[in-house]
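A.B. asks: sequence and computational prediction follow.
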Amino acid sequence: MKKTLSILLAMVMIFSFAACSNNAQEETETTEAVDNVTVNAYVISGPTGIGAVNMMKDSDNGSLDTDYNFTVVSSPDEVVSKISNGEADIAAVATNLAASLYNKTDGGVQIIAVNTLGVLYVLNNTGDEINSIEDLKGRTIYTTGQGANPEYIINYVLENNGIDPENDVTIEFKSEGSELVSVWATEPDAVIIAPQPVATSITTNYEGSVQCLDLTDEWEKIDDSSSLMMGCVVARTEFIEEHPQVIESFLEDYENSINAITDDLETTASLCEEYGIVSAAAIAQNAIPYCNICFITGDEMKEQLTGYLNVLYTADPTSIGGAMPDDDFWYV
């Protein structure tokens with residue numbers, strides 16, 4: 001009996017040592033895999049890039065396990081080319097661009113996280129209050145993005161509040177956000193719909209002006225099963241398949257970076273200027289609370305973003321690359 005018990009104990013110890021050895025080996029392999037990969041990440045200046053700034057600083061300080069090589073660009077076209085030729089592994093882009101990239105590269109990218117909800121705000125410079133979308137009826141609205149996402153978003157919100165964009169309001173489009181800053185100098189009674197951080201710059205320049213409506217909130221009043229999700233992070237599908245542990249490490253680092261925005265807004269704003277995400281720290285500090293920075297992944301990301309992409313597809317299929325992305329688009 002004692003001999004049998006001794007044998008059993010010996011076998012238990014052998015299996016325990018083997019399990020510990022396997023776990024240690026797996027942990028070592030994962031660490032080595034993360035440590036031995038340099039991730040080339042591209043960030044577009046503006047709201048979609050804000051979520052990465054604390055992570056960029058941590059990377060420069062050498063306090064992250066993964067080696068990141070961040071590049072900030074001003075044009076989405078630069079990201080398209082870098083993703084397409086394999087120079088970029090991960091990129092922060094507009095959600096419609098993510099869908100378009102997926103279609104144009106035959107599934108060459110996946111969306112791994114949403115980082116920004118809507119950044120469009122209704123601005124008012126007159127004494128009469130605007131408390132709802134219905135209050136825009138009969139007004140002249142200045143905005144940007146004709147034939148692009150802002151126009152489709154504005155039309156969707158207006159139409160679902162009983163306003164005909166062609167007959168019930170007058171919409172004047174400017175080619176760039178910077179052109180909206182001077183609108184009230186000549187037309188103080190006009191309404192402006194502007195993206196952040198331009199919206200904050202405008203209200204800062206005109207005493208008494210206000211950001212009266214957030215189109216992200218107005219979207220959810222129409223359909224709470226989807227969200228106005230305008231910014232995201234994509235990764236090359238091939239990179240995801242080759243380095244799944246690196247993607248998981250990135251997502252953890254990225255979520256921490258976004259959480260750090262709330263913890264220290266002032267530092268984040270300074271980093272936005274330092275890394276060229278926003279032109280000035282003061283503007284960034286005032287605008288960031290209105291940029292709807294977030295971290296949404298998995299099934300929630302898929303469910304909420306699908307509705308937004310469907311609105312864009314209905315308005316103009318080419319806005320998302322000609323087709324709604326299939327299930328392989330989602331990193332879930």
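C.D. replies: Yep, that arrived.
A.B. asks: does the residue sitting nearest the centre point of the chain count as helix, strand or coil?
C.D. replies: Centre of the chain computed as the mean C-alpha position; nearest residue by Cα atoms, centre = their mean is Gly231, 2.5 Å away. Look at Gly231: counting by DSSP: H, G, I helix; E, B strand; the rest coil, its state is strand.
A.B. asks: Thr126 - how many residues pack around it?
C.D. replies: Around Thr126 sit 15 other residues, with neighbours defined as other Cβ atoms under 10 Å. For glycine as for every other residue, the C-beta is placed from the backbone atoms N, C-alpha and C.
A.B. asks: and for Asp217?
C.D. replies: For Asp217, the number of neighbouring residues by other Cβ under 10 Å comes to 12.
A.B. asks: same question, Gly208
C.D. replies: For Gly208, the tally of surrounding residues (other Cβ under 10 Å) stands at 9.
A.B. asks: from Ser270, how far out is Ser209?
C.D. replies: Ser209 sits 26 Å away from Ser270 when distances are taken as Cβ to Cβ, to the nearest Å.
A.B. asks: again, but for Pro325
C.D. replies: The gap separating Pro325 from Ser270 is 37 Å, by Cβ to Cβ.
A.B. asks: more neighbours: which of the two?
C.D. replies: Comparing Pro325 with Ser270 by neighbour count (other Cβ under 10 Å), the higher total belongs to Pro325, at 24 against 17.
A.B. asks: tell me which element the more buried one is part of?
C.D. replies: Using DSSP states H and E, Pro325 falls within no helix or strand.
A.B. asks: doesn't Tyr313 make contact with it?
C.D. replies: No. The criterion here is Cβ atoms under 8 Å, and Pro325 misses it with Tyr313 at 9.7 Å.
A.B. asks: please give me every residue in contact with Leu309.
C.D. replies: In this structure, Leu309 makes contact with Thr95, Asn96, Ala99, Ile320, Met324, Pro325, judged by Cβ atoms under 8 Å, 6 or more residues apart in numbering.
A.B. asks: could I get the contacting residues of the fourth one?
C.D. replies: This points to Ile320. Residues in contact with Ile320 (Cβ under 8 Å, 6+ apart) are Asn96, Ala99, Ser100, Asn103, Leu309, Leu312, Tyr313.
A.B. asks: for Asp223, report the pLDDT, please.
C.D. replies: We have a pLDDT of 84 for Asp223.
A.B. asks: list phi and psi for it.
C.D. replies: Its backbone dihedrals place Asp223 at phi -150, psi 100, with angles given as degrees, to the nearest 10.
A.B. asks: how near is Gln218 to Ala280?
C.D. replies: No Gln there; residue 218 is Glu. Distance from Glu218 to Ala280, counting by Cβ to Cβ: 29 Å.
A.B. asks: swap that for Ser227, please
C.D. replies: Separation of Ser227 from Ala280 (Cβ to Cβ): 29 Å.
A.B. asks: can you name the residues bridging to Ile141?
C.D. replies: For Ile141, the residues forming beta bridges with it (DSSP bridges) are Ile171, Val191.
A.B. asks: strands of the chain, residue ranges please.
C.D. replies: When secondary structure is read from DSSP state E, the chain shows strands at 38-44, 67-73, 90-94, 109-117, 120-124, 140-144, 170-174, 191-195, 210-214, 229-236, 293-296.
A.B. asks: so can I have CSV of those showing mean pLDDT and distance to Ile202?
C.D. replies: Written out in CSV, the entries for those read as follows (pLDDT from 0 to 100; distance: least, Cβ to Cβ, whole Å):
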stretch, mean pLDDT, distance to Ile202
strand 38-44, 97, 21
strand 67-73, 97, 24
strand 90-94, 97, 21
strand 109-117, 98, 19
strand 120-124, 98, 6
strand 140-144, 97, 10
strand 170-174, 97, 12
strand 191-195, 97, 6
strand 210-214, 96, 9
strand 229-236, 97, 19
strand 293-296, 98, 20
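A.B. asks: export those as CSV, with columns for distance to Ile133.
C.D. replies: Formatted as CSV, those follow (distance: least, Cβ to Cβ, whole Å):
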stretch, distance to Ile133
strand 38-44, 29
strand 67-73, 34
strand 90-94, 23
strand 109-117, 17
strand 120-124, 8
strand 140-144, 11
strand 170-174, 14
strand 191-195, 11
strand 210-214, 7
strand 229-236, 18
strand 293-296, 23
